[in-house]
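> A predicted structure for the sequence below; I have some questions about it.
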Amino acid sequence: MNHITIRPVQPEEVRPAIDFAQRIFLQFVRPDGSATDENREQDEYYKSGQWLMFLALDGDRLVGMACERDNTHIRKLYVEQAYQRQGIATALMDTLIAAMKAQGTTQITLASSDHALPFYTRYGFVPTGPRQNSNGLIFTPMAYDCTTCRGGHWPSASFPHIIMRTDAQCTPLQSIKRIIT
């Protein structure tokens with residue numbers, strides 16, 4: 001197994017990462033292509049570092065991504081099908097939540113597709129309402145209490161093939177704080 005690198009997005013990688021997420025979204029959430037999860041105006045928030053985005057890379061190949069908005073809501077978490085069930089989504093989630101907690105977040109929300117609901121439930125998210133339909137998009141609203149749940153730590157030894165990279169001079173948390181402050 002190759003090593004997977006988890007790292008913050010670079011400004012020039014934002015649009016390719018969102019296009020990657022759109023492709024996975026259409027594959028698993030809306031295979032009929034009738035609805036999209038697209039908002040190009042939000043790219044600037046990620047390019048500026050105002051909102052956080054992390055990538056999972058196998059060498060130079062993008063195999064996963066996770067991002068948030070407003071330091072309160074996980075907007076996207078996608079992993080290429082061939083790379084699923086290898087701990088990559090968990091490592092992305094751990095990294096994103098750790099960075100959000102470093103900014104003072106105490107509760108995180110998301111809208112889970114049916115496909116991702118088991119993952120988020122195992123991670124510690126709980127439904128905050130019934131399954132909903134918004135313009136043909138089916139989701140379950142969920143929340144995560146950062147003060148009581150286990151997540152939000154840097155990828156652990158249980159995933160030795162996953163490496164958190166920032167730069168050679170600092171620990172992941174120091175580098176993330178540098179990125180977000």
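Sure thing, it's come through. Numbering: from 1, shown residues only.

> C-alpha only now, for contacts and for neighbours.
Fine.

> residues in contact with the strand or helix carrying residue 133?
Using DSSP states H and E, residue 133 maps to strand 132-134. Applying C-alpha atoms under 8 Å, 6 or more residues apart in numbering, the contact partners of strand 132-134 are 138-141.

> again, 10 Å this time
111, 113, 138-141 (C-alpha atoms under 10 Å, 6 or more residues apart in numbering).

> wait, what's in contact with residue 129?
140-143.

> so is it in a helix, a strand, or just coil?
coil (DSSP: H, G, I helix; E, B strand; the rest coil).

> could you report the pLDDT at it?
Model confidence at residue 129, given as pLDDT, is 93.

> PyMOL command for the buried members of the contacts of strand 132-134?
Applied in PyMOL, the following selects the buried portion of the contacts of strand 132-134 according to 16 or more other C-alpha atoms under 10 Å:
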select buried, resi 111+113+139+140+141
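
> tell me which of the contacts of strand 132-134 fall in strands.
Applying DSSP state E to the contacts of strand 132-134, the entries found in strands are 111, 138-141.

> tell me the buried residues in the host helix or strand of residue 14?
Per DSSP H and E, residue 14 falls inside helix 14-28. Across helix 14-28, burial judged by 16+ other C-alpha under 10 Å covers 14, 17-18, 20-26.

> before we move on, what about stretch 125-144?
Quick answer for stretch 125-144 (16+ other C-alpha under 10 Å): 125-127, 139-144.

> which two among the residues you listed are spaced furthest apart?
Comparing all pairs in the buried residues of stretch 125-144 by C-alpha to C-alpha, the longest separation belongs to 139 and 144, at 16.0 Å.

> residues in contact with residue 42?
Counting by C-alpha under 10 Å, 6+ apart, residue 42 has contacts 14, 51, 69.

> wait, isn't the second one in contact with residue 103?
It refers to residue 51. No: using C-alpha atoms under 10 Å, residue 51 is not in contact with residue 103, being 11.2 Å away.

> the two: which is more packed in?
Taking other C-alpha atoms under 10 Å, residue 51 and residue 103 do not tie; residue 51 has more neighbours (19 against 14).

> so where do the helices sit in the protein?
14-28, 43-47, 88-102, 117-123, 172-180 (DSSP state H).

> which of those helices is buried the deepest?
helix 88-102 (a mean of 24; mean count of other C-alpha atoms under 10 Å).

> in JSON lines: the contacts of strand 132-134, plus distance to residue 59 and pLDDT.
What follows is the contacts of strand 132-134, written out as JSON lines (distance: C-alpha to C-alpha, whole Å; pLDDT from 0 to 100):
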{"residue": "111", "distance to residue 59": "30", "pLDDT": "93"}
{"residue": "113", "distance to residue 59": "29", "pLDDT": "89"}
{"residue": "138", "distance to residue 59": "34", "pLDDT": "84"}
{"residue": "139", "distance to residue 59": "33", "pLDDT": "90"}
{"residue": "140", "distance to residue 59": "34", "pLDDT": "94"}
{"residue": "141", "distance to residue 59": "34", "pLDDT": "95"}
